[in-house]
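> Sequence and predicted structure below; questions after.
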Amino acid sequence: MHPSDNRPHCKTRNLLDWLRGQKQRDRFADSAQNALDAEGMTPPVAQGKGMLYRAGVTLADLKPGECGTVRRLLGATKGRLRLLEMGLTPGVHIKMVRTAAFGGPLDILVRGYQLSLRRDEAASVWLDDEEPQK
């Protein structure tokens, strides 16, 4: 670099360009969030339950992406208590995330967290429509 040349070093210039780009992205993200938070914005309301909602089956019968509502727990008291402690209570909405091959565990989304269950445990969770309000 020649002493009369007052341009910043190449690495420094790249860093400055990157920082300018970050500032622009941050400004865009802030403006997008403000637009989403604007008053009068109402979230879209789902009409019906959709095709991926299943009723009258056990949790083990669900395919990835399908969902349902826990209606009752079957089996021995000890097993039912364990499922209740994990958050699978009647009326809770669940979604099947993935299934392992060769009869392995199932991953479900329940109450905002992901839970893995054995297939025999999942077979004791009965899914059905929500009970009508009286």
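Received the coordinates, thanks.
> Name the surrounding residues that touch the helix or strand hosting residue 78.
Secondary structure assignment for residue 78, by DSSP states H and E: helix 77-85. Taking contacts as C-beta atoms under 8 Å, 6 or more residues apart in numbering, the residues outside helix 77-85 that touch it are 73, 74, 121, 124, 125. C-beta: built from backbone N, CA, C; applies to glycine.
> burial of the third one, as a residue count?
Counted with other C-beta atoms under 10 Å, residues neighbouring residue 121 total 20.
> I believe it is in a helix; please confirm or correct that.
Yes: for residue 121, which was evaluated using DSSP: H, G, I helix; E, B strand; the rest coil, the result is membership in a helix.
> Quick check, pLDDT for it.
According to the prediction, residue 121 has pLDDT 93.
> Was I right to think residue 111 contacts residue 92?
Yes: in this structure residue 111 lies within contact range of residue 92 using C-beta atoms under 8 Å: 6.4 Å.
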